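Student: for reference, the sequence and a predicted model appear below.
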Amino acid sequence: MAASEVNAPAIVDSVEALKARMDQMRRAQEVFATYSQEQVDRIFKAAATAANKARVPLAKMAVEETGMGIVEDKVIKNHYAAEYIFHTYEHTKTCGVLEEDPVYGVKKIAEPLGLIAAVIPTTNPTSTAIFKTLLSLKTRNAIIISPHPRAKKCTIAASKVVLDAAVAAGAPEGIIGWIDVPSLDMTNTVMRDADCILATGGPGMVHAAYSSGKPALGVGAGNVPAIIDSSADILLAVNSIIHSKTFDNGMICASEQSVTVLEDIYDDVKAEFARRGCYFLKADEIQKVRDTILINGALNAKIVGQSAYRIAQLSGVEVPETTKILIGEVESVDISEAFAHEKLSPVLAMYKAKTFEEALDKADRLVRDGGFGHSSSLFINPNEKEKMAAHAERMKTCRIIVNTPSSHGGIGDLYNFKLLPSLTLGCGSWGGNSISHNVGAMDLLNIKTMVERRENMLWFRTPEKVYFKKGCMPVALDELGTIMHKKRAFIVTDSFLYKNGNTKPIEQKLDEMGIVHAVFSDVQPDPTLKNAQAGAAVMTAFEPDVIIALGGGSAMDAAKIMWVLYENPDANFADMAMDFMDIRKRIYNYPKMGKKAYFVAIPTSSGTGSEVTPFAVITDSDAGIKYPLADYELLPNMAIVDTDNMMTQPKGLTSASGIDVMTHAIEAYVSIMASDYTDGIALKATKLVFDYLPRAYENGANDVEARDHMANASCLAGMAFANAFLGVNHSLAHKLGAYHHIAHGVANALVLTYVMRYNASEVPTKMGTFPQYEYPHALARYAEIARYNGLGGKDDRESFENLIAAIKKLKKAIGIKDSIKEYGVDEKYFFDTLDEMTEKAFDDQCTGANPRYPLISELKKLYTMAYYGEPDENVTF
Amino acid sequence: MEFNEQDIVVKRSYKTVYHVGDEIIKVFEPTHPKVGIFNEALITAYVESYGVSVAPVRYVRCFDGRWAIALEYVEGITMAEKLAGEPENLEENLERFVDIQIEVNSFRAPGLRNTVDKRLEEIRGLEGLDASTRYELEQRLHGMQRHTKLCHGDFDPSNVILTPDGGYKVVDWSHATQGNAGADAAMSYLRFMLSDKKTADLYLKIYCKKSDTAIQYVQKWMPIVAAGQLTKKRPEERAMLESWVSVAEYQ
């Protein structure tokens, strides 16, 4: 094996030897990284088994060498580190593909970190070494152990047991290494040169780890406060604390350092502690112990891991040899009180609290001063949910351990489930750590996430009922009575249509069916929020169960807004108008509509398609803002496309709204969200406009057929862009209309051929962002429109040119001028406001679906060209 | 130059200090390293250049194989003498002492070594300290932030001379570094503790209050300065210093 051929030093006793060992380990790890899960699991099992078998001699060595702790308890720790870690990760996948979701195209692949530096404390040397080496083996890492000088022999012995078993089971030689003669220089070298640091120890070590410049999983000091609530089971509480506090002479960092007892049970708790062999220090004895356990605010090293009897002796206090814990009844939780510190020994502070709140205050102080982020403990009746929640909220600790010996509880899996078994406990940012959980195998892996390209789900949404055909309105409205049994109808329209008698047939039909009705006929062109609010007030007073919007875009949009206000009086317009990238991921969720009223839309012009779209434009005249609202909640429930309502459209309206229909259809067809579902109707709409718009424009009310087809074209195009959305043509037209009062359809027409050439570029500066949109292909899409309309062309380019020519011809036929200038827009004013207008056009909601993602400077050029009516062939960027 | 017995101000095993005319001359035994002598003169010159009130160095030269530093003589009594002479004004005099210390700490000392490096060297060179304790001390030192304040290193009342005009001069800068004022205060506390715990505690209280320092911050340095003091190998101090050094980190 390659790794074993490397000349590695026999003993690591200098920085040079250490570097050579680490080099060798890196090579061993490169080999180990290629092992399969089966090989790794075999090694992991063999190593865990060996560590388990060596638990007693290793425990004896640790106590003998460090002079701290209790052999029998260290046996448990070693046993736990081998068995619980093995059991937890026995079937865990740590090599190669961990998870795979072929539908979503996601794969998670595990790789080792490389060479891990492990700093091992004196308090739990053998068990921590077993724990860390086993985790490293399971994750195909190499690990170099930096023992504490006081515990080097036993730490190295434990590491060696694991290494030998691992190598015997097939692991590369030298996959686990250690420093034989520890010094801080070498510890720092290990931390600096490893790939990741697994540091267990006090703040100094953790600080050193985090300062090394390498990622570190460091942990901090604990100062666990236990609270015994009045509702607690005293027997269980006291004996749990004794069990935990005496475990290995109190050297687990999650061990209780103080107990705060509620006043009403204080005497009972005290009696139970005393009955079970704990010693309550008298006043003068408390002082003697204080002077012993703390030196200048630091913990006296001589008491760490010693028995209560031994500490009493050191303090000059006489206690029975069998004493389990020395308890000091003290009052201050301030750091000036020696008992308020972490003691790493069977010495416990005991406080009395009048209320649970006071107990929380004390515990909070103790945590903040000595064990920020570590662990806290609570004994309580589990039915006291409120108190438990208050405690959990208050404690800034990453483990909150309830009704459990905290030493055993904090390390996980012994007295609880689902808390990861670990001897390295994260303390979160409170403790200066990157992690707040118990360190586990997953922390020693680099997880690669492989994600394949996937396309979004698309949709086709339209009103549940779309009725069309000349003369269909009364038949359609019949449903309101006979099927839906509506009682109160509210008609929204503008004053022209009302005075013209256009609402009459509706009112007659409603009367016939016995449906009470009211009319709001004051919708203004480009309706304002105030206008809609006025209508909504009347609507609210009337309490309709059906709303009938009759008119062009303005009336239908205003009615939609009134509907929102009627159903949800608290709706916030600024939120509703918030732009989105993906309508399904938008930040603001629209309120549910239709709880109060059914919405019927009846168009009187063939243009906006608002009867089938989820859009409404409203102007806030106070703020001077035009809100384009978009959400499928705004989709009407029923659309009635009856040409009888459209016969008398004036010429200008026919022209402007007709070219708007064409723009809707073209933009929906080249949109990045175009689908098979929208393509068919978009194409059909273009053909109907080409064939019938000039006739409708010329013949007006005399040409029923032309009107009929234009009505359908408008509705079809509406359905197409309701689902595929629009593009920068509309972005430009929206702002052009707003800044210079040009009719919306005309504004669209003025920029249309420029935008088409701009989009048709095969080398756009940037393309639109959507998984379905694979490469720039607007040119081909325009060519398809041309061919569908019989415009021919020997290739896409020629077809495209034919389409441009046809559109220019159509514009001329319906009386649209060639430039913005010709519509009377002042040149100076236009260019003074151009930058602002361009930026707003760029930020228009319609921009997102455009096949070419525009630069602001490009849009500015388009506007400029359209202003002068330059030849669109000049669009070469 | 001839040195007379009656001019001796103080005599230590490694040096004799004379008062000759308007100069204080420290004459070192030949065993004392030459580097140390020049270094002391250099540090003093640095400190003088920062504008600190010191007794300026006149020269460094060799008298019959013994190196000497000459400093300007400063008229006045030491703070140590004042403290001893006015037990009734203890608190007031300690406050003055702390004020002077804080003023000294307020200087920046870009030319001097960092406290952390100097202390690290001390700990590494310390004999009779077991590997484990040394490891803990080094680790503690590594966790300290590297500040840039002027630290005297032995800010003891005997090194502060109160001049008749109400001013002061600070002398004996051989241990000065740039670093953490907390370390300087810990050293002063240690010096007080070696004679009287009560005065020491009062000093620390006044220092922490006046400098707005948490007591733990000063305490964190105590094992480190105690280890430094152990290098002086004074048997009467050993027990106390060893207990100060033998502390464990919280876990």
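Tutor: Cool, got the structure. Numbering: from 1, shown residues only, chains lettered A, B, ... in the order given.
Student: in the chain, which residue is most central in space?
Tutor: No chain was given, so I picked chain A. With distances taken as CA atoms, centre = their mean, A:Lys585 lies nearest the centre of chain A, 11.5 Å away.
Student: wait, chain B
Tutor: Against the mean C-alpha coordinate of chain B, by CA atoms, centre = their mean, the closest residue is B:Asp154 at 1.0 Å.
Student: which one is that residue nearest to, not counting chain neighbours?
Tutor: B:His175 (4.9 Å; CB to CB, 6 or more residues apart in numbering or on different chains). (C-beta placed from N, C-alpha, C; glycine too.)
Student: quick one: the strands in the stretch 51-200 of chain B?
Tutor: Remark: strands assigned in the stretch 51-200 of chain B by DSSP state E, counting those that start in this stretch are B:57-63, B:66-72, B:77-78, B:149-151, B:160-162, B:168-170, B:177-179.
Student: need those in JSON lines (columns: mean pLDDT).
Tutor: Listed next are the strands of the stretch 51-200 of chain B as JSON lines, based on pLDDT from 0 to 100:
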{"stretch": "strand B:57-63", "mean pLDDT": "95"}
{"stretch": "strand B:66-72", "mean pLDDT": "95"}
{"stretch": "strand B:77-78", "mean pLDDT": "96"}
{"stretch": "strand B:149-151", "mean pLDDT": "97"}
{"stretch": "strand B:160-162", "mean pLDDT": "97"}
{"stretch": "strand B:168-170", "mean pLDDT": "97"}
{"stretch": "strand B:177-179", "mean pLDDT": "97"}
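Student: and those strands: which comes nearest chain A?
Tutor: Counting by CB to the nearest CB, chain A lies closest to strand B:177-179 out of the strands of the stretch 51-200 of chain B; the figure is 17.0 Å.
Student: quick check: residues of the stretch 51-200 of chain B near chain A?
Tutor: B:Asp130, B:Ala131, B:Ser132, B:Thr133, B:Arg134, B:Tyr135, B:Glu136, B:Glu138, B:Gln139, B:Arg140, B:His142, B:Gly143 (CB under 8 Å from any CB of the partner chain).
Student: quick one on the thing from earlier: what's the neighbour count on the residue nearest to B:Asp154?
Tutor: Using other CB atoms under 10 Å in any protein chain shown, the number of residues around B:His175 comes to 18.
Student: isn't it up against B:Leu150?
Tutor: No - using CB atoms under 8 Å as the test, B:His175 is too far from B:Leu150 to be in contact (11.9 Å).
Student: now do the same for A:Met1: its pLDDT.
Tutor: A:Met1 is assigned 40 on the pLDDT scale.
Student: rewinding a little: look up how far A:Val451 lies from the residue nearest to the centre of chain A.
Tutor: Separation of A:Lys585 from A:Val451 (CB to CB, to the nearest Å) stands at 17 Å.
Student: tell me the pLDDT at B:Arg124?
Tutor: So, for B:Arg124, pLDDT stands at 88.
Student: which ones are touching it?
Tutor: Shown in contact with B:Arg124 (CB atoms under 8 Å, 6 or more residues apart in numbering or on different chains): B:Arg134, B:Glu138.
Student: tell me which helix or strand comes right after the lowest-mean-pLDDT helix or strand in chain A.
Tutor: Here the helix or strand of chain A ranked lowest by mean pLDDT, DSSP states H and E is helix A:2-5, holding a mean of 44. Beyond helix A:2-5 on the C-terminal side, the first helix or strand identified by DSSP states H and E is helix A:15-32.
Student: average pLDDT for that next one?
Tutor: Averaging pLDDT along helix A:15-32 gives 96.
Student: which stretch of helix or strand covers A:Ala237?
Tutor: Element membership for A:Ala237, per DSSP H and E: helix A:234-246.
Student: is chain B within reach of that helix?
Tutor: No - under the criterion of CB under 8 Å from any CB, helix A:234-246 makes no contact with chain B; the nearest approach is 15.0 Å.
Student: does the closest residue to A:Gly426 other than its chain neighbours fall in a helix, a strand, or a coil region?
Tutor: Distances taken as CB to CB, 6+ apart place A:Ile435 nearest to A:Gly426, at 3.7 Å, with adjacent residues excluded. Assigned with DSSP: H, G, I helix; E, B strand; the rest coil, A:Ile435 falls in the coil class.
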